[in-house]
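In: Fold the stuff below for me.
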Amino acid sequence: MLNLNNVPQDDNPQNQEFTLIPKGAVVRAIVLVQPGDMEIPEFGQGAWFKKSASTSAKWMNLEFTIIGGEYDRRKFWHSIFVDGDKLGQSGMPLAKEIGLRTLKSIVESARGILPSDMTPQAQQNRNITGMADLNTLEICAKIGIKKGTNGYADSNQLMAALTPDNREFFTQGVAQQGSAPVANTAPQAASPQPTGAVPSWAQS
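Out: Alright, predicted model coming up:
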């Protein structure tokens with residue numbers, strides 16, 4: 001039997017508090033694709049995706065670890081949807097349109113490609129063999145806040161992967177928002193994992 005009645009109290013209770021990163025903060029972050037349950041051949045080899053039991057929605061979860069600056073080593077997560085019931089103007093699912101745009105901006109952010117650059121080299125640099133190629137990419141990320149539902153607290157998520165044409169874009173070693181990065185002294189609170197809740201635009 002494990003007796004948990006006499007566990008020493010935490011002398012620093014503020015370590016238990018979770019403080020969201022402010023909406024609009026711009027950081028450098030490393031991408032990690034989290035494992036899923038199914039493979040979608042169009043997106044390369046590997047079971048990176050999850051599927052809704054009630055709609056056509058399919059998505060993958062990305063984990064981002066901030067490097068440098070005030071929020072060094074803090075994490076946030078984001079779900080990228082690649083299928084859904086609603087159709088967009090292109091004729092493909094709206095969820096897929098949005099997901100592909102997000103993937104494109106992540107690659108452009110990591111590889112320093114201007115969205116307007118359509119030279120053969122830039123087009124080649126936008127190509128990836130699959131979702132595994134996203135692992136370890138370093139991007140310039142703008143952070144948002146996802147409203148909690150069903151009893152879950154609000155959490156940080158990716159608002160946008162910034163590309164070099166954005167005035168807030170910066171590369172590693174360059175000051176953030178006009179001020180020098182500082183060492184992180186805040187407790188490292190873990191953000192909640194994405195729940196895979198299907199947004200309204202991915203539903204019928």
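
In: Name the SS class of Gln157, please.
Out: Secondary structure for Gln157, judged by DSSP: H, G, I helix; E, B strand; the rest coil, is strand.

In: give the contact list for it.
Out: Phe76, Trp77, His78, Ile143, Gly144, Ile145, Lys146, Pro194 (C-beta atoms under 8 Å, 6 or more residues apart in numbering). No exception for glycine: its C-beta is placed from N, CA and C like everyone else's.

In: What is the nearest of those residues to Met118?
Out: Lowest distance from Met118 to these (C-beta to C-beta) belongs to His78, with 27.0 Å.

In: from the middle of its chain, how far away would the top helix by length along the chain be?
Out: Ordering each helix of the chain by length in residues (DSSP state H) puts helix 94-111 first. Taking C-alpha atoms, centre = their mean, to the nearest Å, one finds the center of helix 94-111 at 11 Å from the center of the full chain.

In: same thing with stretch 122-136?
Out: Relative to its parent chain, stretch 122-136 has a centroid offset of 16 Å by C-alpha atoms, centre = their mean.

In: Which strands or helices does the longest helix of the chain pack on?
Out: Here helix 94-111 is seen to pack against strand 75-83, strand 138-146, strand 155-162 when contacts are counted using 3 or more C-beta pairs under 8 Å, 6 or more residues apart in numbering; DSSP states H and E.

In: The contacts of Gln157: which two are farthest apart?
Out: Ile143 and Pro194 (14.5 Å).

In: So if I had to pick from these two, which one is more boxed in?
Out: Taking Ile143 and Pro194 together and counting by other C-beta atoms under 10 Å, Ile143 has the greater number of neighbours (24 against 21).

In: what sits against the closest residue to that one other than its chain neighbours?
Out: Counting by C-beta to C-beta, 6 or more residues apart in numbering, Ala25 is the residue found nearest to Ile143 once chain neighbours are left out, at 4.7 Å. Remark: with contacts taken as C-beta under 8 Å, 6+ apart, Ala25 is in contact with Tyr71, Lys142, Ile143.

In: Are we agreed that Ser56 is in a helix?
Out: No. In this structure, Ser56 is coil, not part of a helix, as judged by three-state DSSP.

In: and the closest residue to it other than its chain neighbours, how many residues sit next to it?
Out: Counting by C-beta to C-beta, 6+ apart, Ser56 lies nearest to Asp85, which is 4.9 Å off, once chain neighbours are set aside. Each residue near Asp85 was counted by other C-beta under 10 Å, and the total is 17.

In: With Leu162 instead?
Out: A count of neighbours around Leu162, defined by other C-beta under 10 Å, yields 20.

In: Over to Ala160?
Out: As a measure of burial, Ala160 has 18 neighbours, counting by other C-beta under 10 Å.

In: What of Pro35?
Out: Counted with other C-beta under 10 Å, Pro35 comes out at 11.

In: That one reaches Ala47, doesn't it?
Out: Yes. Judged on C-beta atoms under 8 Å, Pro35 makes contact with Ala47 at a distance of 6.5 Å.

In: So what angle separates the directions of the longest helix of the chain and strand 75-83?
Out: Orientation of helix 94-111 against strand 75-83 (axes from the mean of the first three to the mean of the last three C-alpha atoms, to 10 degrees) gives an angle of 130 degrees.
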